[in-house]
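[1] What follows is a predicted structure for the sequence shown.
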Amino acid sequence: MDPSCSQAPTPPVKLPSYKLTSRLTHPADSLIPLGAYAIGGPEFIIMAGPCSVEADPQMLGTAWDVKLAGAHIIRGGAFKPRSSPYSFQGLAEEGLKKLANARELTGLGIVTEVMDSSDVELVASYADILQVGARNAQNYSLLKRLGRINKPVLLKRGLMNTIEEFLNSAEYILAGGNSQVILCERGIRTFEPSTRNTLDLSAILTIKEKSHLPIIVDPSHATGKAHYVAPMSRAALAAGADGLMIEVHCDPTKALCDGDESLTSEQFKELMQNLQELAPHFGRRISTIAPTTALVAESL
C-alpha cells in the first residue's frame, strides 16, 4: 500500500439540506413520548379509528372497539381535505369536541388533521398529536407554524414526494423549534391503478438510514382496500416501521369517508391479535391495555 494513501486527510462530511432531521447530526433514534410509551421505542404503536368523525355512536363505539383491541391512539378527521368540494368535509370544531369526549371516556390520546395555519391553535387545544396530510406535506406556511408549537406532529408523505423532499418538509418543523415529528409513509402516486396508491415499504429502510425520526405506515390510504390492510400491516412491522395508522369503522358500509379501506371492529381485533403474536419476532411488542369497566358502561 502506498504510505501516502493512509496519510490522506479525511474529507469533511457533507450534511444534507435536512440538517436537523439527518442522522448525521443526531445519530440516536428520536423517541416521541406517548404516555407510558414512546413512538420510536420497542412498543409498536397503533393509531386507529374512523377516517372522519361522524355521529357520537359511531365515534364512541369505534373508539372503544379500537381501545379494547389494543390500540394506543384514536384517529379521526374533524377537518377533511376532499378531492370534490361536494364530499363530506368533516364536522370541524364539533368533530374535535367528539374526539375529546372519546379521549376522556377511553383514556386514549387522539390524533387529528390540521389543514390550515389559522386552525393550528384550535386543533392543538384539542389534539394530542397534530396530523399533516399528504396534500399539505409541502405547505411550508403550515409547517413553519407547527414548528412553533409544543405538541407532536404526524407528517404524512406527499402524494409524489421523494424521500429527500419528505425529510425537508420535516426539517421545516424541526427548524422552527419543534423536534417532536413522526413521519408517516402512506403510499405515493404512481402509474399503477390497482391500488389507491403505491405503498413504498422501502421508504422505511431509507428513512431509518438517513434520519433519526420515527416512521409509521398507513396501509389504509396506501392500498384503498380493506382486505389489503392486514398483509401490508404485517409487512410494515417486518420492514422496521415504528407503528401503524389504520382506519376502522363500526360499520364501513355507512362511513361518510373511505369506507372501502376501513376495517370492521372485528377485523381490527383479529389483526391486532396477529400483530401482538408477530411483534416479538421483530424486536417489538404491543402491550395489552386494560379497559376501564366503569367508563365502558358509562359511555355505552
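    Yes, it's here. Numbering: from 1, shown residues only.

[2] Tell me the bridge partners for the closest residue to E43 other than its chain neighbours.
    In space, and not counting its chain neighbours, E43 is closest to Y37: 4.3 Å by C-beta to C-beta, 6 or more residues apart in numbering. Where you see a C-beta, it was placed from the backbone N, CA and C, and this is true even at glycine. Judged by DSSP bridges, the bridge partners of Y37 are L34.

[3] so Y37 touches I73, yeah?
    No. Judged on C-beta atoms under 8 Å, Y37 makes no contact with I73 at a distance of 9.9 Å.

[4] can you list residues touching both of the two?
    I45 (C-beta atoms under 8 Å, 6 or more residues apart in numbering).

[5] So for these two, which residue has more residues nearby?
    Set Y37 next to I73 and count neighbours by other C-beta atoms under 10 Å: I73 wins out with 25 against 20.

[6] Distance check, that one against T195.
    25 Å (C-beta to C-beta, to the nearest Å).

[7] same check, this time on A124
    When A124 is compared with T195 (using C-beta to C-beta), they lie 33 Å apart.

[8] With V153 instead?
    Counting by C-beta to C-beta, the gap from V153 to T195 is 27 Å.

[9] List the backbone torsions phi and psi for the nearest residue to K269 once chain neighbours are set aside.
    Spatial nearest neighbour of K269, excluding adjacent residues (C-beta to C-beta, 6+ apart): A69 at 4.3 Å. Main-chain dihedrals, A69, degrees, to the nearest 10: phi -80, psi -20.

[10] cool, and I73?
    Taking degrees, to the nearest 10 as the convention, I73 sits at phi -140, psi 140.

[11] give the contact list for it.
    Counted by C-beta under 8 Å, 6+ apart, I73 has contacts 34, 45-48, 108-111, 128-129.

[12] If we use 10 Å, what do you get?
    34-35, 37, 39, 45-49, 66-67, 103, 108-111, 128-129, 154, 243, 245 (C-beta atoms under 10 Å, 6 or more residues apart in numbering).

[13] Got a PyMOL select line for the buried ones in the residues you listed?
    Selection of buried members from the contacts of I73 for PyMOL, criterion 16 or more other C-beta atoms under 10 Å:
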select buried, resi 34+37+39+45+46+47+48+49+66+67+103+108+109+110+111+128+129+154+243+245
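
[14] who are the neighbours in contact with I39?
    30-33, 45, 47, 72-73, 129, 152, 154, 180, 182, 213-216, 242-243.

[15] what does D260 give?
    Counted by C-beta under 10 Å, 6+ apart, D260 has contacts 196, 220, 223-227, 247, 252-253.

[16] Sheet partners, orientation included, of the helix or strand where C184 lies?
    Per DSSP states H and E, C184 falls inside strand 181-185. With DSSP bridges as the test, strand 181-185 is paired with strand 153-156 (parallel), strand 215-217 (parallel).

[17] Sounds good, over and out.
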